[in-house]
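**Student:** everything below, folded, please.
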Amino acid sequence: MPVARLRGVVEEAGDDWVIVGVGGLGMLVSVPAPAAEALTAGARAELFTHLHVREDALTLYGFTSVEELRLFEQLIGVSGIGPRAALALLSSLDYAQLTLAIVGGQVDALRRVPGIGQKTAERLVLELRDKVTPPAAAEAARPAAMPERDGELIAALLGLGYSQPEATAAAGRVDGAGLPLEDRVRAALQYFAG
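**Tutor:** Have a look, this model is predicted:
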């Protein structure tokens with residue numbers, strides 16, 4: 001019997017898991033890192049879940065929104081992406097960043113996630129570009145006619161740990177037409193320092 005949603009009290013939490021008390025049972029749920037940080041012991045939790053069945057294990061994955069759950073299910077539908085890799089993607093990039101990276105073809109941003117190589121990142125973009133939908137607010141914040149080179153710079157800055165708005169702002173300030181990516185990254189870092 002699949003488990004679609006859990007409501008209960010968080011009994012324990014780790015880096016990428018929580019134990020939620022439900023009707024006298026402690027349900028171990030793997031969650032993205034941001035959810036694990038937000039769900040502290042004693043807090044009430046509501047998680048939308050996916051039960052992954054393997055020959056040797058049953059693993060429950062939980063998400064704070066239906067949209068995150070749907071994206072997880074789309075990710076594991078891509079050849080070469082298992083539940084752990086999908087969870088790593090959702091732990092490294094939030095829902096808006098991940099969907100924008102896929103829709104925008106930002107392979108470099110995806111490749112910086114542990115366990116995601118060049119070919120897997122390209123496959124993610126190829127298979128999901130027309131299937132995922134970034135949140136309306138994130139789409140509105142994205143410049144309408146962003147040149148491809150700016151996309152490369154933004155992906156590089158995301159990989160260095162900057163947020164999507166910070167990376168987009170820096171890319172808009174850097175005048176690097178014709179410069180190699182390394183020089184544009186240096187210019188963006190100088191923008192952040194100044």
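
**Student:** from residue 15, how far out is the residue lying farthest from the centre of the chain?
**Tutor:** Largest separation from the mean C-alpha position in the chain: residue 24, at 32.3 Å (Cα atoms, centre = their mean). Note on residue 24: its distance to residue 15, by Cβ to Cβ, to the nearest Å, is 26 Å. Where you see a C-beta, it was placed from the backbone N, CA and C, and this is true even at glycine.

**Student:** before we move on, what about residue 22?
**Tutor:** In this view, residue 22 and residue 15 are 22 Å apart by Cβ to Cβ.

**Student:** same check on residue 21?
**Tutor:** Taking Cβ to Cβ, one finds residue 21 at 20 Å from residue 15.

**Student:** so those two - more neighbours on which side?
**Tutor:** A direct count of neighbours by other Cβ atoms under 10 Å for residue 21 and residue 15 places residue 21 higher, at 15 against 9.

**Student:** wait, isn't the more buried one in contact with residue 9?
**Tutor:** Yes: the criterion here is Cβ atoms under 8 Å, and residue 21 meets it with residue 9 at 4.9 Å.

**Student:** what's the nearest residue to residue 174 if we skip its chain neighbours?
**Tutor:** Spatial nearest neighbour of residue 174, excluding adjacent residues (Cβ to Cβ, 6 or more residues apart in numbering): residue 187 at 4.5 Å.

**Student:** now the element after the helix-or-strand element of the chain with minimal mean pLDDT, going C-ward?
**Tutor:** Among the helices and strands of the chain, helix 136-141 carries the lowest confidence by mean pLDDT, DSSP states H and E, at a mean of 54. Remark: after helix 136-141, the chain's next helix or strand is helix 148-159, criterion DSSP states H and E.
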